[in-house]
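[1] got a sequence here, can you build the structure:
(chains A and B)
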There are 2 protein chains.
Amino acid sequence: MGQVSAVRASVTPLRVIAHPKGDIRHALKASEASFQGFGEAYFTTILPGQTKGWKKHRRMHMNLVVVQGEVAFHVHDDRSGVTETFVLSTDASTYGRLHVPPGLWMAFGGRSDAPSLVLNLASIEHDPDEAVNVELETYPIGSAA
Amino acid sequence: MGQVSAVRASVTPLRVIAHPKGDIRHALKASEASFQGFGEAYFTTILPGQTKGWKKHRRMHMNLVVVQGEVAFHVHDDRSGVTETFVLSTDASTYGRLHVPPGLWMAFGGRSDAPSLVLNLASIEHDPDEAVNVELETYPIGSAA
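    Next comes the predicted model:
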């Protein structure tokens, strides 16, 4: 399992278990270090070539799993000025979970020809007052955009 | 929101929120009645024309959302002998969450031409000792299979 820092985003590789009637895909267990409570699960679609962001959560821990397609997640730390990019997909080699603790900026772009779908297992329920949005031009996306 | 009985399966319709860069799809909030704690989230694929089951959980509450394709969920109560069938899909008209409390048998079949994908937001972590499996022939599937 991946190590979890209070201030950095990190990816935990996830298992895909073969089954003759259809595979099983892990997402998140309550015993894992990146689990910080359950508030809400929801899906967000990202269309090909589109990027959503930047958004910063003040309290929410996000645990993100790509369910369909391929997505580039950009995580920007405004203290260090660094943007890190994590690419996840449904392919077993890049199937995993991205944990984004509160206080970091996130933007994400669809990298498939078809819409991509992301599950967020969020530590709190949706609350517009705890999230901040700024324009996509505010921070560098990095070369993988 | 749908009413939750201790002994019956029930469907809660879920919202799909339009967004120009890709829709948002609700799944489960901790404040909803069918939320019975978070143990694990995982996905299960069901291939076209295949049916997985029957399985009965002794302790796990399942909250099931179809993420891809269309799935017929069959829930059998061995006290009444009744099998109920619930069809969920990603189409807004049948997008919803099926809550299955412990003590009921479940089987589910893929009804798309392509593989279907189901998210289970389970109240406990996977534990083979709390689940019982019997052959698909044991109980009637019903006409929607």
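[2] excluding its backbone neighbours, what's nearest A:Tyr139?
    Once flanking residues are discounted, A:Tyr139 sits nearest to A:His76: 4.4 Å by Cβ to Cβ, 6 or more residues apart in numbering or on different chains. The way it works is simple: take the backbone N, C-alpha and C, and place the C-beta from them, glycine included.
[3] check which helices and strands the helix or strand hosting the one you found is in contact with.
    Using DSSP states H and E, A:His76 sits in strand A:70-77. Applying 3 or more Cβ pairs under 8 Å, 6 or more residues apart in numbering or on different chains; DSSP states H and E, one finds that strand A:70-77 contacts strand A:51-57, strand A:82-89, strand A:96-100, strand A:105-110, strand A:116-122.
[4] cutoff 6 Å now
    strand A:82-89, strand A:105-110 (3 or more Cβ pairs under 6 Å, 6 or more residues apart in numbering or on different chains; DSSP states H and E).
[5] any idea which of these is most buried?
    strand A:105-110 (a mean of 24; mean count of other Cβ atoms under 10 Å in any protein chain shown).
[6] for the spatially most central residue of chain A, which non-adjacent residue is closest in space?
    Nearest residue to the geometric centre of chain A (Cα atoms, centre = their mean): A:Leu64, 3.5 Å. Using Cβ to Cβ, 6+ apart and skipping the chain neighbours, the partner closest in space to A:Leu64 is A:Leu98 (4.4 Å).
[7] what is the one you found paired to in the beta sheet?
    A:Val11, A:Leu64 (DSSP bridges).
[8] I figured it hits A:Phe86, correct?
    Yes - here A:Leu98 reaches A:Phe86: they are 5.3 Å apart, a contact under Cβ atoms under 6 Å.
[9] report the set of residues contacting both of these two.
    A:11, A:73 (Cβ atoms under 6 Å, 6 or more residues apart in numbering or on different chains).
[10] what residues does chain A have near chain B?
    A:21-30, A:38-47, A:50, A:52, A:67, A:121, A:125 (Cβ under 6 Å from any Cβ of the partner chain).
[11] hang on, the earlier thing: out of the helices and strands packed on strand A:70-77, the one nearest B:Leu136 is which?
    Of all the helices and strands packed on strand A:70-77, strand A:82-89 sits nearest to B:Leu136, with 32.8 Å by Cβ to Cβ.
[12] quick one: contacts of stretch A:110-125?
    Contacts for stretch A:110-125 (Cβ under 6 Å, 6+ apart): A:28, A:36-37, A:39-48, A:50, A:59-72, B:29, B:41.
[13] once you drop chain neighbours, what's closest to A:Phe38?
    Per Cβ to Cβ, 6+ apart, closest to A:Phe38 is B:Phe38, 3.6 Å.
[14] mind listing what's buried along stretch A:122-131?
    Within stretch A:122-131, the residues that count as buried by 16 or more other Cβ atoms under 10 Å in any protein chain shown are A:122-124.
[15] which one of those is nearest to chain B?
    Chain B has its nearest neighbour among those in A:Ile124, at 8.4 Å by Cβ to the nearest Cβ.
[16] nice, that's everything, thank you.
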